[in-house]
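Colleague: A predicted structure for the sequence below; I have some questions about it.
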Amino acid sequence: MKIPLDSNLKNQLFKPLGNRIKRYRKLRGLKQTDLARSVGIKSLQIHHYENGDCDLPLSKVFKISQVLEIPCAELLPEQLEVSSLPDDILALVSFIMSENINAIQVLNMIKVNRGEENGS
């Protein structure tokens with residue numbers, strides 16, 4: 001069962017993220033189908049991402065930023081309403097934006113925090 005997006009998270013994160021994807025896609029002269037093909041997903045999914053209609057995994061944000069030839073942090077909103085996001089999500093987004101890191105680095109940090117490094 002798919003869990004619906006929290007309206008605060010949708011409005012604070014996914015809508016601005018989608019708007020930025022759309023803006024950069026158009027600046028690059030790409031159609032939704034072009035971006036979708038390069039990312040390896042269907043164009044309808046790009047449509048949903050651009051409209052902020054669905055959760056956008058960090059791995060896709062990273063892949064989209066690569067295709068658009070921009071830093072991953074460039075797609076993320078500059079400011080989020082602190083009270084509307086759980087502390088762990090806010091901390092992660094803030095860290096990604098401040099350090100301009102990529103999705104692989106984030107995943108490695110999560111593994112270390114979970115004790116999954118070195119086969120633990």
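Modeller: Looks like it came in fine. Keep in mind that this is a model prediction, so the values were computed, not measured.
Colleague: can you give me the strands for this protein?
Modeller: Assigned strands in the chain: none (criterion: DSSP state E).
Colleague: so what's the residue count around Tyr48?
Modeller: One thing to correct before we go on: residue 48 is His, not Tyr. 17 (other CB atoms under 10 Å). Yep, even glycine has a C-beta here, placed from its N, CA and C like the rest.
Colleague: give the contact list for Glu50.
Modeller: Contact analysis of Glu50 by CB atoms under 8 Å, 6 or more residues apart in numbering lists Gly18, Asn19, Ile21, Lys22, Arg25, Gln32.
Colleague: spatially nearest residue to the fourth one, not counting backbone neighbours?
Modeller: Just to be clear, that refers to Lys22. Once flanking residues are discounted, Lys22 sits nearest to Glu50: 4.3 Å by CB to CB, 6 or more residues apart in numbering.
Colleague: sorry, back to before: pull out the buried residues from the contacts of Glu50.
Modeller: In terms of neighbour count (16 or more other CB atoms under 10 Å), the buried residues within the contacts of Glu50 are Gly18, Ile21, Lys22, Arg25, Gln32.
Colleague: closest one of those to Glu69?
Modeller: Arg25 (11.3 Å; CB to CB).
Colleague: ok, now which ones touch the closest one?
Modeller: By CB under 8 Å, 6+ apart, the contact list for Arg25 reads Gln32, Leu35, Ile46, Glu50, Leu68.
Colleague: now swap in Tyr24 and tell me
Modeller: Leu68, Ile70, Glu74, Leu75.
Colleague: where helices are concerned, which of these count?
Modeller: The helices, defined by DSSP state H, take in Leu68 from those.
Colleague: ok, back up a step: now the contacts of Arg25 as TSV including pLDDT and distance to Leu13?
Modeller: Listed next are the contacts of Arg25 as TSV, based on pLDDT from 0 to 100; distance: CB to CB, whole Å:
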residue	pLDDT	distance to Leu13
Gln32	97	21
Leu35	97	20
Ile46	96	17
Glu50	95	14
Leu68	95	18
